[in-house]
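1. Requesting a structural model of the entry that follows:
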Amino acid sequence: MSVADMALLQALILALLALILTPGYLFYFDITPKIVVLFAGTAVVVAATAFTGTRIPPKSRTLQIFSALLLLNILSLAVSSILSARPDLSPFGTNWRRFGSVVEVSVFLFAWLIAVTCAGRLGRVRTILRGVTAAGALSAAYGIAQYLGFDPILDAATYHTGEGIGAIVRPPGTFGYASYFATWLLFVVFLSLALAEMEKSRLLVRCCRGTALLAICAILLTGTRAAVVGLAAGGLVWLLLRKRSVPRRALAVAGFALLAVVVFYFSPPGQLLRGRMHWFTEDPWGGARLLLWRDSLQMAVHRPLAGFGPEAFMSVFPRYESARLARAYPDFAYESPHNMFLDALLAQGVPGFLLLAALGGLGFLAAFRLRQAAIAGALAAGVVSQQFTAFTVPTAFLFFVTIGLLVALDTPSAGAFRRRRLVLLPAGAAALTLLYLAIRLGAADHALAATQDSLEQRDMQSAAAAFQEYEDLRLPGGTAEIWYSRAALALAQSTPPAREPALIAANAAAFRSTQTAEDPFNAWYNFAVLCGSQEKADCVEKSLLQAIRTSPNWYKPHWTFARVLILDGRLDEASREASLAADLDGGQHPEVTTTLTAIRARLASLKTGVLQK
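-> Residues are numbered from 1 along each chain as shown. Here you go, the predicted structure:
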């Protein structure tokens, strides 16, 4: 394989990672296939690079710094994973994004290989950008179709919310969630504009600009404020760094596009977008973010050097969550601090935060030195948007690939060296390891999808066998045991012939989840509910107390424990728990206040009776 072919392979992998969805075949159909593509794609590129013999230019200071920063980041991840508060979760991550240290290292390795492959070769950079643009055009078109009500792949009900004037739709594209989709599209907008400046064919230039416009439309339809702010920031950087002024024709097109957006907004199809704007006016500060950031910073003080470990946030943060945050948003569980730099700080400590900032700074310095206005705009847009969202694999992947492209443009052309066993052996080992991880991850997730199918068909025996296969194959990290225990309990309650084996499976999975789940507070509460359904009073009380210990300011276990104490006649204790639950609930659930009122009424009645005697 030639080095030019290598760039094409990398572009195809990049595009596939963004576009792949596997509903019906994999359980986590919008997350797992992207990790599988990352592992398998990186394995292929590592092996191919080793055998083609690409070398690092020895006099490239930018590439040397980039390589050093990535290596230091890998070391930091290793230390943080070893010292993690949840060492079982840190290597391969949690279910919601699977962004553990092993996955991060794969992202770094792929970005570094792109920098090496494209070093000093504008044509190869152009090939990578074509992959981004092509994937961006397809994903943006799909997102727009989702907004308009056409979706042949996903269930539209999963991204429609509200009713009447408050009804909204937030197209997730191929990313599972609208905010991550919009952040990824920000890179598409500016990288497509960068490609337009490199293409020689007028048709291709128009296609690139059309993709940028399409991506902007898709971003607006997602209703993602962070992405809109990022788009403005990226546009400002792009305008400031341009070597020439914006042509009048381009300004006219931009003005026409803006007018079209305004007309669409006030048209009947714009009703859902107006509904999203209504949500904005009701929540101008972006929900819990300000309080979440404050509590996250206070949490970071406790482990400033090594952090709490990659992907440990959901498990650990509830112990640091303030009563004020819990009171304002009592039903929320936070999977991340919703900020890329805070995420790095809490996962890897100050070293991780500084290394991420240094990598971003290196990219900006290269862009400014090269006057790469559009790529600098992509980086700026991504950084600004991700002050309000966390990295996921696709967004982190394109962030580091963008830096890798800037490093490549700022690097002399690479030559070749003779293949040596010292290079081939570790490259082969790394490639085989990544392929093994890809196969095992995909097989485990497919077994979990088979479990779901069997449960829907009320076949407990097949479901148990498939879930055991999942348990045998799954990589360390997030598990589906809470989901399985709830699904098995539902089957036990609805299908009498399957009751006994379903209850056995539900109990076993629920108990295991208390030791393995990424959200232990939820696991303990789930176990309490399961014990309650079987009238196991001691198990209920112990489980609720564990839920309270792992998430002290979550109202629900306090409220449920208060109701358990009522049944046991321990009204004074019940009153204390109910009072705490009502305070942490912030008055958002009437049934919590009703419980407290009822307990106080009973206590008052008892006291009155004692006085009368």
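
2. Which element, helix or strand, includes the closest residue to Leu195 other than its chain neighbours?
-> Spatially, and ignoring its direct neighbours in sequence, Leu195 is nearest to Leu129 (4.0 Å; Cβ to Cβ, 6 or more residues apart in numbering). (Each C-beta comes from the backbone N, C-alpha and C, glycine too.) When secondary structure is defined using DSSP states H and E, the element that contains Leu129 is helix 122-147.

3. Mind listing what's buried along that helix?
-> Buried residues in helix 122-147, counted by 16 or more other Cβ atoms under 10 Å: 124-147.

4. With stretch 537-549 instead?
-> 539-541, 543-544, 546-548.

5. Work out the gap between that stretch and the centre of the chain.
-> Relative to the chain's own centre, stretch 537-549 is displaced by 31 Å; criterion: Cα atoms, centre = their mean, to the nearest Å.

6. Go ahead and name everything in contact with that stretch.
-> Counting contacts by Cβ atoms under 8 Å, 6 or more residues apart in numbering, the residues outside stretch 537-549 that touch it are 514, 520-521, 524-525, 527-528, 531-532, 554, 557-558, 560-561, 564, 568.

7. who's in contact with the residue nearest to Leu195?
-> Listed by Cβ under 8 Å, 6+ apart, the contact partners of Leu129 are 191-192, 194-195, 198, 405.

8. Please tell me how far it sits from Asp5.
-> Leu129 sits 17 Å away from Asp5, taking Cβ to Cβ, to the nearest Å as the criterion.

9. go on, Asn339?
-> Note on Asn339: its distance to Asp5, by Cβ to Cβ, is 39 Å.

10. These two: which is more packed in?
-> Neighbour totals were compared for Asn339 and Asp5, and Asn339 leads with 21 against 12 (other Cβ atoms under 10 Å).

11. Test my guess that the more buried one contacts Ala390.
-> Yes. Under the criterion of Cβ atoms under 8 Å, Asn339 makes contact with Ala390 at 7.3 Å.

12. what's near enough to touch Met277?
-> Taking Cβ under 8 Å, 6+ apart, one finds Gly223 in contact with Met277.

13. What strand or helix carries it?
-> helix 271-282.

14. Between the buried residues of stretch 537-549, which sits nearest Leu220?
-> Closest approach to Leu220 among the buried residues of stretch 537-549 (Cβ to Cβ): Ala547, at 41.3 Å.

15. distance between the host helix or strand of that closest one and the chain's centre?
-> Counting by DSSP H and E, the element that carries Ala547 is helix 537-550. From the chain centre to the centre of helix 537-550 is a distance of 30 Å (Cα atoms, centre = their mean).

16. tell me, how many neighbours does Ala43 end up with?
-> That count, for Ala43 with other Cβ under 10 Å as the rule, works out to 23.

17. export the buried residues of stretch 537-549 to CSV and tack on pLDDT?
-> What follows is the buried residues of stretch 537-549, written out as CSV (pLDDT from 0 to 100):
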residue, pLDDT
Cys539, 93
Val540, 94
Glu541, 94
Ser543, 96
Leu544, 96
Gln546, 96
Ala547, 96
Ile548, 96
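
18. Identify the farthest-apart pair in those.
-> The widest separation within the buried residues of stretch 537-549, taken as Cβ to Cβ, falls between Cys539 and Ile548 and amounts to 15.1 Å.

19. mind listing what's buried in stretch 362-369?
-> Of all the residues in stretch 362-369, those buried under the rule 16+ other Cβ under 10 Å are 362-364, 366-367.

20. could I get the residues you listed as CSV with secondary structure, pLDDT and distance to Pro497?
-> Formatted as CSV, the buried residues of stretch 362-369 follow (DSSP: H, G, I helix; E, B strand; the rest coil; pLDDT from 0 to 100; distance: Cβ to Cβ, whole Å):
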residue, secondary structure, pLDDT, distance to Pro497
Leu362, helix, 97, 63
Gly363, helix, 96, 61
Phe364, helix, 96, 64
Ala366, helix, 95, 66
Ala367, helix, 95, 65
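
21. Tell me the one of those nearest Ala450?
-> Taking the buried residues of stretch 362-369 together and measuring to Ala450 by Cβ to Cβ, the closest member is Gly363, at 43.0 Å.

22. Is it correct that that closest one is in contact with Ala380?
-> No. No contact is recorded between Gly363 and Ala380 when judged using Cβ under 8 Å, the distance being 9.8 Å.
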